[in-house]
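Peer 1: okay, structure incoming, though there's no sequence with it:
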């Protein structure tokens, strides 16, 4: 074969090999996408407070390494930065909750791909105040009537609408400003109480029969405030109203996602257990299409 012909064959072969290599490289890139940069924000429902094992890096926050952010990260291969913290309020997104605990949105950046959060339940002390007030009233009334509703009326709902809802919207706007390229998901709170009173549950959740639907309606209002704030800020709302039905604190171990006020199996009552955190993660991944 003449030299010039040999050179043409070798050049063509090299080009073909190069093209094949580029194709393989391109195919490999598509087959193995980069891991998501995932930041988890939020309160004790995000932190998994009360679920073992505890994250030893910040004991003040009562954060679990089995919380729903860790479950999501393990399932998706995401690189997780978990700054969730028990007792967090919306204000703790932009200010230090404790000395040495940075504002939560400081964990966000232009490179953040995914953000999840639960927040709002601690604003105005809504959860703790409502549960404490209604639990005390339930014990004093022997479980009869609606003493908590009779005393507090619309006060909890008024606080949610007038204070928590605008604070939620502002917090989500702060998140979006700090992580403009991220997909942001705001989770609702799974049901704490059943829709109607269960007399057998009184020893675990001492609410008067008429205050069970009252407390549930307060939680529904809070979740609706989260939903509206999410929709108005381009945030995905993860609704637990259907999937958590029948998994409230009155259910048996292995069925309930939320531990009861008394005689539960968690270090922190009226919070998700390990099953609840897993189910929150699974439903969140379903909604976001991550599974």
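Peer 2: In hand now; what should we look at? In this text, all values refer to a predicted model and were calculated from it rather than measured experimentally. Numbering: from 1, shown residues only.

Peer 1: all strands for this structure, in order.
Peer 2: Applying DSSP state E to the chain gives strands spanning 37-42, 79-82, 114-118, 183-187, 236-238.

Peer 1: show me the contact partners of the third one.
Peer 2: This means strand 114-118. 36-43, 45-46, 68-69, 72, 78, 84, 108, 175, 179, 182-189, 284, 288 (CB atoms under 8 Å, 6 or more residues apart in numbering). Quick note: C-beta positions are derived from backbone N, CA and C, even for glycine.

Peer 1: how distant is it from the center of its chain?
Peer 2: Between the centre of strand 114-118 and the centre of its chain there are 6 Å (CA atoms, centre = their mean, to the nearest Å).

Peer 1: quick one: strands adjacent to it?
Peer 2: strand 37-42 (parallel), strand 183-187 (parallel) (DSSP bridges).

Peer 1: from memory residue 63 sits against residue 47, does it?
Peer 2: Yes. Here residue 63 reaches residue 47: they are 4.4 Å apart, a contact under CB atoms under 8 Å.

Peer 1: thinking again about what came up before, who wins for proximity to residue 55 among the strands of the chain?
Peer 2: strand 79-82 (7.3 Å; CB to CB).

Peer 1: the closest residue to residue 236 other than its chain neighbours and residue 209, how far apart?
Peer 2: Closest residue in space to residue 236, ignoring its immediate chain neighbours: residue 185 at 4.5 Å, by CB to CB, 6 or more residues apart in numbering. Distance from residue 185 to residue 209, counting by CB to CB, to the nearest Å: 36 Å.

Peer 1: which of the two has more neighbours?
Peer 2: residue 185 (21 against 17; other CB atoms under 10 Å).

Peer 1: residue contacts, the more buried one?
Peer 2: Residue 185 sits next to 114-117, 235-238, 284, 287-288 when contact means CB under 8 Å, 6+ apart.

Peer 1: not counting residues beside it along the chain, what's closest to residue 208?
Peer 2: Nearest residue to residue 208, sequence neighbours excluded (CB to CB, 6+ apart): residue 138, at 4.4 Å.

Peer 1: close enough to count as contact, the one you found and residue 207?
Peer 2: Yes. At 4.4 Å, residue 138 counts as touching residue 207 under the criterion of CB under 8 Å.

Peer 1: what about residue 288, how many neighbours?
Peer 2: Neighbour tally, residue 288, other CB under 10 Å: 16.

Peer 1: okay, it: pLDDT?
Peer 2: We have a pLDDT of 98 for residue 288.

Peer 1: that one contacts residue 237, doesn't it?
Peer 2: No. Between residue 288 and residue 237 there is no contact under CB under 8 Å: 11.2 Å.

Peer 1: any regions of the stretch 151-291 of the chain where pLDDT drops low?
Peer 2: With pLDDT under 70 as the threshold, the stretch 151-291 of the chain has no low-confidence stretch at all.

Peer 1: at 90 what do you get?
Peer 2: Within the stretch 151-291 of the chain, the ranges that satisfy pLDDT under 90 run 267, 291.

Peer 1: circling back to that earlier point, pick the most buried one from the strands paired with strand 114-118.
Peer 2: strand 37-42 (a mean of 26; mean count of other CB atoms under 10 Å).

Peer 1: quick one on the thing from earlier: overlap of the contact sets of residue 138 and residue 207?
Peer 2: Residues touching both residue 138 and residue 207 (CB under 8 Å, 6+ apart) are residue 148.

Peer 1: number of residues surrounding residue 133?
Peer 2: Applying other CB under 10 Å, we find 19 residues neighbouring residue 133.

Peer 1: ok, now which ones touch residue 54?
Peer 2: Neighbouring residues of residue 54 by CB under 8 Å, 6+ apart: 62-65.

Peer 1: swap the cut-off to 7 Å and go again
Peer 2: Contacts for residue 54 (CB atoms under 7 Å, 6 or more residues apart in numbering) come out as 62, 64.

Peer 1: and if you look at residue 205?
Peer 2: Per CB under 7 Å, 6+ apart, neighbours of residue 205: 193, 249-250, 260-261.

Peer 1: distance to residue 223 for those - can I get that in CSV?
Peer 2: Output for the contacts of residue 205, formatted as CSV (distance: CB to CB, whole Å):
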residue, distance to residue 223
193, 13
249, 16
250, 19
260, 20
261, 20
